[in-house]
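*Asks:* turn this into a model:
(chains A, B, C and D)
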Amino acid sequence: MAVTVCASPAAAVAGVQDGSTVLIGGFGMAGMPVALIEALIDQGARELTVVSNNAGNGDTGLAALLAARRVRKVVCSFPRQADSWVFEGLHRAGEVKLDLVPQGTLAERMRAAGAGIGAFFCPTGVGTPLAEGRETREIDGRTHVLEYALRGDVALIGAHKADRVGNLVYRKTARNFGPVMATAATTTVVQVSQVVEVGELDPESVVTPGIYVDRVVVA
Amino acid sequence: MAVTVCASPAAAVAGVQDGSTVLIGGFGMAGMPVALIEALIDQGARELTVVSNNAGNGDTGLAALLAARRVRKVVCSFPRQADSWVFEGLHRAGEVKLDLVPQGTLAERMRAAGAGIGAFFCPTGVGTPLAEGRETREIDGRTHVLEYALRGDVALIGAHKADRVGNLVYRKTARNFGPVMATAATTTVVQVSQVVEVGELDPESVVTPGIYVDRVVVA
Amino acid sequence: MSTGSGPLDKHDLAALVARDIPAGAYVNLGIGLPTLVADHLPPGSGVVLHTENGMLGMGPAAHGDQVDPDLTNAGKVPVTELPGAAYFHQADSFAMVRGGHLDVCVLGAFQVSAGGDLANWHTGAPDATPAVGGAMDLAIGAKRVFVVMELFAKDGSPKLVPSCTYPLTGVGCVSRVYTDLAVFDLGQDGVVVREVFGTTTDELAARLDVPLTAALVP
Amino acid sequence: MSTGSGPLDKHDLAALVARDIPAGAYVNLGIGLPTLVADHLPPGSGVVLHTENGMLGMGPAAHGDQVDPDLTNAGKVPVTELPGAAYFHQADSFAMVRGGHLDVCVLGAFQVSAGGDLANWHTGAPDATPAVGGAMDLAIGAKRVFVVMELFAKDGSPKLVPSCTYPLTGVGCVSRVYTDLAVFDLGQDGVVVREVFGTTTDELAARLDVPLTAALVP
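*Replies:* Next comes the predicted model:
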């Protein structure tokens, strides 16, 4: 249904429930929707499961959400970075659970959720601890592990421009998880640099069609 | 590896083996690589399995390939059209086999082949004759049927422009199966309107990166 | 519950469906009768049309100079592009369909069962060339599937049936059926007659082999 | 088979790997030592670099005014864009990786087994925060996986081993190992020593717990 252009990040994240699964875009800081995460901290939802490639940098954004003790579990591929002290401290103390997923499998599981695919057989991780105890199958001479769709209640992503019907374009490698997460959540909230009029984006170059977008805010 | 810009459609389709699986782009005539199909008829490969959304229109293109008795089997979603008399005649006479696949499943099976996914659980077609006798599984309260990746030896597709490293852009709904088939074949051959210099296509708007393209010809 | 003077013609039927499509909805209209619904969407409704060959924001049929062989709908008819349109490839288009992102899909049918099963792709005749296209994906993918059809076939047999005799397109997927004689809701309450046109629920009950419930007048 | 005067430093090692990358290849270079390979690709080689965060046609590291926070490599280091580049999202990027479209991937390693198993994501230490990123996808996805590493760890233990003691990244995926002391091919013929640097195959055989075969001099 039609997109809402919100007046503030607070309005954009209104209504996130305790216990939600929140997909958060970005790879490091590129594409990270910092204003939306800050608004989510103010909004106050607790016991969140956060799905994101990393587990926060420095003391802002996702790291601040973690530090505010709003997150029960992080599903990610690469929590250990030079400046991921907040997550590492909480994880070591047992205060945040970690579900480690290979980066491509993480993206593909969200794509599956958005694409109505229940599960898929994937060769990544076979024979490693991340596939231990999981269902496998030989297909075409190769062992695959069964991976399930990963769906979000809310996606918070960053993009470059939106038009007023929610079509999105991104900038360079800041595109990363945004387009996939937008398809995989019940409600998709986008932080953009600019909202343009309908007709200003080239229909050949739209990366995320407006059908996947619920709320947009300039921040 | 690097793309070859071919001098003629004949050069572009050289080497197709008897018995190959050939993915042919297009939805009706939009995006149909007619010059490549005509060159394939001249090239002479036989006993082909053709994967394409439709099964030929009128007496040209894919219909002509069928009429030349080069095709053993057609894998498609919609063979019956107002002008699909060639396929219908051959199929009724038992001279061409038909493997009917729902359109979305056809696209997704080729995407899986290109994406290294061995198989996937899909809700489409459950309870219909097209899923009869197939493996199913209940996931999240919904029945899914197991669909396997569908790979091609060769893909023949149409695009709008290529640059000299094989990046492609398409025009409007002629995009259809091209980007998916390009990923799913060992050798991808593209008929374009124009080859432009490297740097002339906007990196944000490239639809098929050159990594998926082997041969390009202007036709 | 409105009752007109007689059965609806196909344009009235299309208008009736259009009336029930919410403003701003993302909608796929099947080939044939469902395509007519587009002509009856009110201006400014913000309804966005999806065509499964790879586009959102499809406009009306193209005429004359507007015709572009690279721009067609799923019936291969030349169409136009509206501002705010977006193009995508087949895997992305059907990810959108199958992933439950379309609000409404309007399809034609050979038969619909009381339980919402849909048969619209194959008559089952042994000499017919089967063709399914995107019908099965649309049937199971859209949030709501509306069927629009004549209630009785040319031979007089009902097309709303206890159980489909034609090969199925999807199981339990249809939520509403618009016909020339009545509109039916299919769901947990069985077959509920929402509106009748030039007939009565009792008359329909006599001609159909499925139990009918009259909707409570709101 | 060249033999230099001593072990290779990391730049010589990177140059050695670069020499073996075919012109026009699509290549992913892992974080750390593998990244140095880019500096040694000859101009005009047509090698196209993939970065798994969503780009083909990655250029050298960005400096000064070139730095754009929206353009980084997989190590989150600002990089530049070359003509002919293309951007794509994560699902498309890893479809490319997992689907076998990259010609070569160059990765670092903690350990490589004689059978080509790779361990490069986790030391197995119970207090270490595990992080895998795209390592497992790259390990099983690229047509050829090259490892570049020092042959012995700081404590003197060999990193080319009969079987990995660290948690695996991928099984039987490594086809060649470039080290400061030698280059090894892993395959059906076991571990074949292609080149040695300031040492001999016999000396290496004495220090490694895996059977070595000297390559036939071409």
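*Asks:* Three-state assignment for the residue lying farthest from the centre of chain C, please.
*Replies:* Residue farthest from the centre of chain C, counting by Cα atoms, centre = their mean, is C:Asp65 at 30.3 Å. What DSSP: H, G, I helix; E, B strand; the rest coil gives for C:Asp65 is helix.
*Asks:* state the distance from it to chain B.
*Replies:* Using Cβ to the nearest Cβ, to the nearest Å, C:Asp65 is found at 16 Å from chain B. The C-beta positions use only the backbone N, C-alpha and C, and glycine is treated the same way.
*Asks:* what distance do you get for that residue to C:Pro78?
*Replies:* Note on C:Asp65: its distance to C:Pro78, by Cβ to Cβ, to the nearest Å, is 11 Å.
*Asks:* what comes up buried for stretch C:121-133?
*Replies:* For stretch C:121-133, a neighbour-count test (16 or more other Cβ atoms under 10 Å in any protein chain shown) marks C:Trp121, C:His122, C:Thr129, C:Pro130, C:Ala131, C:Val132, C:Gly133 as buried.
*Asks:* can you lay out those residues as CSV showing secondary structure, pLDDT and distance to A:Val145?
*Replies:* CSV is the format used below for these (DSSP: H, G, I helix; E, B strand; the rest coil; pLDDT from 0 to 100; distance: Cβ to Cβ, whole Å):
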residue, secondary structure, pLDDT, distance to A:Val145
C:Trp121, coil, 95, 35
C:His122, coil, 92, 37
C:Thr129, coil, 88, 40
C:Pro130, coil, 91, 35
C:Ala131, coil, 93, 36
C:Val132, coil, 96, 31
C:Gly133, coil, 96, 33
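*Asks:* between these, which is closest to B:Glu135?
*Replies:* Proximity of the buried residues of stretch C:121-133 to B:Glu135, judged by Cβ to Cβ, is greatest for C:Val132, which lies at 19.9 Å.
*Asks:* what's near enough to touch that closest one?
*Replies:* With contact set as Cβ atoms under 8 Å, 6 or more residues apart in numbering or on different chains, C:Val132 has these partners: B:Ser77, B:Phe78, B:Leu100, B:Val101, B:Pro102, B:Gln103, B:Leu130, C:Trp121, C:His122, C:Thr169.
*Asks:* one more pass at 6 Å, please.
*Replies:* B:Ser77, B:Leu100, B:Pro102, C:Trp121 (Cβ atoms under 6 Å, 6 or more residues apart in numbering or on different chains).
*Asks:* list the contacts of the residue in chain C positioned nearest to chain B.
*Replies:* At 2.9 Å from chain B, C:Phe94 is the closest residue in chain C, using Cβ to the nearest Cβ. Applying Cβ under 6 Å, 6+ apart to C:Phe94 gives the contacts B:Gly104, B:Ala107, C:Asp137.
*Asks:* ok, now A:Val126?
*Replies:* Applying Cβ under 6 Å, 6+ apart, one finds that A:Val126 lies in contact with A:Thr143, A:Val145.
*Asks:* re earlier: from C:Asp39, how far out is the residue farthest from the centre of chain C?
*Replies:* Separation of C:Asp65 from C:Asp39 (Cβ to Cβ): 21 Å.
*Asks:* same thing with C:Val17?
*Replies:* C:Val17 sits 11 Å away from C:Asp39, going by Cβ to Cβ.
*Asks:* next: C:Ala25.
*Replies:* In terms of Cβ to Cβ, C:Ala25 sits 16 Å off from C:Asp39.
*Asks:* C:Val196 now?
*Replies:* As for C:Val196, its distance to C:Asp39 is 24 Å (criterion: Cβ to Cβ).
*Asks:* before we move on, back to that, in terms of neighbours, single out the busier of C:Ala25 and C:Asp39.
*Replies:* Comparing C:Ala25 with C:Asp39 by other Cβ atoms under 10 Å in any protein chain shown, the one with more neighbours is C:Ala25, at 20 against 12.
*Asks:* I figured the more buried one hits C:His101, correct?
*Replies:* No. Assessed by Cβ atoms under 6 Å, C:Ala25 is found out of contact with C:His101, at 11.2 Å.
*Asks:* of all the residues in the helix or strand of chain C with the lowest mean pLDDT, which ones are buried?
*Replies:* Ranking every helix and strand in chain C by mean pLDDT, DSSP states H and E puts strand C:212-214 at the bottom, with a mean of 93. For strand C:212-214, burial by neighbour count (16+ other Cβ under 10 Å) applies to C:Leu212.
*Asks:* ok, residues contacting it?
*Replies:* Residues contacting strand C:212-214 (Cβ under 6 Å, 6+ apart): C:Gly190, C:Val191, C:Val192, C:Val193, C:Thr201, C:Ala205.
*Asks:* any idea which of those has the most stuff around it?
*Replies:* C:Val191 (24 neighbours).
*Asks:* that one and C:Phe184: what is the separation?
*Replies:* Using Cβ to Cβ, one obtains 5 Å as the distance from C:Val191 to C:Phe184.
*Asks:* then A:Val101?
*Replies:* From A:Val101 over to C:Phe184 the distance is 46 Å, taken as Cβ to Cβ.
*Asks:* compare those two (neighbour count), which wins?
*Replies:* Set A:Val101 next to C:Phe184 and count neighbours by other Cβ under 10 Å: C:Phe184 wins out with 29 against 23.
*Asks:* residue at max distance from the center of chain A?
*Replies:* No residue in chain A sits farther from the centre than A:Gly141, which is 33.5 Å out by Cα atoms, centre = their mean.
*Asks:* quick check, pLDDT for that residue.
*Replies:* Looking at A:Gly141, its pLDDT is 97.
*Asks:* no further queries at this time; thank you.
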